[in-house]
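Asker: build me a model:
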Amino acid sequence: MKTNTAVLHLKSKDPQKTYNLAGRVNTNMVASSTIFPNTDPTMEEFNTEITKLDTAIKAKDGSKQKNQAVVDQTDIVYTMLKSLLFYVNKVADGDKTIILLSGFDCSDEPTKHDKPEKALIKRVEDGSTACSVKIYVEPLVDADRYKVEIATSLGDNTKWETILDFGTLNKLEIKDLSRGKEVYIRVSGGNIYGWGTPSEPVVFIPR
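Answerer: Take a look at the predicted model:
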């Protein structure tokens, strides 16, 4: 049985191609806002970052600083596209007409339904407020969302509590932890087919 799925036809994070696709998706989804309500990210946020990417591309003059600005902004827009891809597939539920209205391409060929690979936490550090932690994760190719779980020990009867679900790479922060109380953190990557293998746990002491 063939399944219809929105796909991200970008082989690499090419700035111009990323900008072109993002512009098309933004235009289409705004025009079909009744079909695509409450997007994550919002269309306003998405449009703002697309504009920043356009500005960065036009300002590029060969300097290392401006080249890096283009790379960084492309990463932001690319990550937002992946989040919107997951959202569109959830809304469309295999409906090719709805997928095409979004501006994404549609694949109607049978696809291998792979969950993301095992996640890897690169580092954790103090978050934006007291007793919070910011988590940095190595991006997973097949993940459109990330789940953060915590536990107070790593014993045989460890119970992992989900603190953040459907998070994006730039929003993996948990707050209101207990000051000075050691906590273990793990992250999993997910997509429309489920959650991948959780990362190895890392320990953090809130301050």
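Asker: CA atoms for contacts and neighbours, from now on please.
Answerer: OK.
Asker: domain parsing for the chain?
Answerer: With domains defined by automatic domain parsing, the chain comprises 5-107, 121-204.
Asker: report the distance from the longest strand seen in the chain to the chain centre.
Answerer: Identified as the longest strand of the chain according to DSSP state E is strand 183-191. Counting by Cα atoms, centre = their mean, to the nearest Å, strand 183-191 is centred 13 Å from the centre of its parent chain.
Asker: direction included, what does that strand pair against?
Answerer: Its sheet considered, strand 183-191 pairs with strand 145-151 (antiparallel), strand 194-195 (antiparallel), strand 202-204 (antiparallel) by DSSP bridges.
Asker: mean neighbour count, those: which tops it?
Answerer: strand 145-151 (a mean of 21; mean count of other Cα atoms under 10 Å).
Asker: list the contacts of that one.
Answerer: Residues from elsewhere that reach strand 145-151, judged by Cα atoms under 8 Å, 6 or more residues apart in numbering: 83, 158-169, 172, 183-191.
Asker: report how many residues lie close to Asp14.
Answerer: Residues lying near Asp14 (other Cα atoms under 10 Å) number 15.
Asker: distance of the residue nearest to it when sequence neighbours are not counted from Lys13?
Answerer: Of all residues beyond its chain neighbours, the one nearest Asp14 is Thr74 (7.7 Å), with distances taken as Cα to Cα, 6 or more residues apart in numbering. Using Cα to Cα, to the nearest Å, Thr74 is found at 7 Å from Lys13.
Asker: also Lys58?
Answerer: For Lys58 relative to Lys13 (Cα to Cα), the value is 17 Å.
Asker: adding mean pLDDT, write the domains of the chain out as CSV.
Answerer: CSV is the format used below for the domains of the chain (pLDDT from 0 to 100):
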stretch, mean pLDDT
domain 5-107, 92
domain 121-204, 90
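Asker: out of those, nearest to Asp114?
Answerer: With Cα to Cα as the criterion, Asp114 lies closest to domain 121-204 of these, at 6.7 Å.
Asker: center of the chain, which residue is that?
Answerer: Thr168 (3.6 Å; Cα atoms, centre = their mean).
Asker: returning to what we had before: so what's the residue nearest to Asp14 up against?
Answerer: For Thr74, the contacting residues are Lys13, Asp14, Pro15, Thr18, Tyr19, Leu53, by Cα under 8 Å, 6+ apart.
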